[in-house]
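Asks: Need a 3D model of the sequence below.
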Amino acid sequence: MSPAGWDWVTAHRAHPECFVCDPFFCGPGFGSNTVASEDTTRFAWNAGLGVDFALPRGQSWFVEARYERIETQEPTEYIPIRFGIRF
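Replies: Here you go, the predicted model:
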């Protein structure tokens, strides 16, 4: 995996609705209405580490965490934690 690259970022701003309609019914309800949206491509980088634990018959399970940063106007940062089984 490359620790740097380009990420595609989508941002939506929404506000709650108090009245919802579909083809069969209109009435009070909850939902969201997108009032603004932006798509862009930005430089991104990451760093992470993980551990692999052996199981019988050549299988293993793993856990890993990765720090991700996307260089937007206010940087977007998150840490996904993944785990699973390899077979």
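
Asks: Please count neighbours and contacts with C-alpha atoms only from this point.
Replies: Noted.

Asks: beta partners of V63?
Replies: Under DSSP bridges, the beta-bridge partners of V63 are V51, F83.

Asks: okay but it is in contact with D52, surely?
Replies: Yes. Using CA atoms under 8 Å, V63 is in contact with D52, at 6.8 Å.

Asks: Confirm that R57 sits in a helix.
Replies: Yes. Counting by DSSP: H, G, I helix; E, B strand; the rest coil, R57 is found in a helix.

Asks: Look up how far R86 lies from it.
Replies: Counting by CA to CA, to the nearest Å, the gap from R57 to R86 is 11 Å.

Asks: Which one's more surrounded, those two?
Replies: More crowded of R57 and R86, by other CA atoms under 10 Å: R86, with 13 against 7.

Asks: in the protein, which helix or strand is least confident?
Replies: In the chain, the helix or strand scored least confidently by mean pLDDT, DSSP states H and E is strand 19-21, which has a mean of 58.

Asks: what pLDDT, on average, does stretch 60-78 get?
Replies: Averaged across stretch 60-78, pLDDT comes to 91.

Asks: for stretch 72-84, which positions count as buried?
Replies: By neighbour count with 16 or more other CA atoms under 10 Å, stretch 72-84 contains no buried residues.
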